[in-house]
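1. no letters, just coordinates:
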């Protein structure tokens, strides 16, 4: 909103006192302030809606369902890692056997 703007755009040539410049600048910054307030209110509304949705749900149920999902992911990952370790172990055993017998 207050990025690059041309200050000369606020100059008016009709009045010698320059009052229009100050009125234009005042309105410009007042509009910017109003936009910031409105966007802040929108942010508060979004956060409040999310909070009320979570509060209305059974927090205990939500916690345990997330916990179960996490435990399931950990179990799948650990099973995958065990299989990977077995595969690497078998690979090294085959390599040691080949080294002992001189085979490639």
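-> Sure thing, it's come through. Here the structure is a predicted model, which means the values were calculated and not measured.

2. quick one: neighbours of residue 85, just the number.
-> Counted with other C-beta atoms under 10 Å, residues neighbouring residue 85 total 10. In short, each C-beta sits where N, CA and C put it, glycine included.

3. return the distance of the helix or strand where it lies from the chain's centre.
-> Secondary structure assigned from DSSP states H and E places residue 85 in helix 59-101. The chain centre lies 30 Å from the centre of helix 59-101; the measure is C-alpha atoms, centre = their mean, to the nearest Å.

4. I'd like the numbering to begin with 12 instead of 1 from here.
-> Happy to do that; since the first residue is 12 now, the last one works out to helix 70-112.

5. quick one: mean pLDDT over it.
-> Mean per-residue pLDDT for helix 70-112: 84.

6. other SSEs contacting that helix?
-> Helices and strands touching helix 70-112, by 3 or more C-beta pairs under 8 Å, 6 or more residues apart in numbering; DSSP states H and E: there are none.

7. if I look at residue 34, how far off is residue 45?
-> 16 Å (C-beta to C-beta, to the nearest Å).
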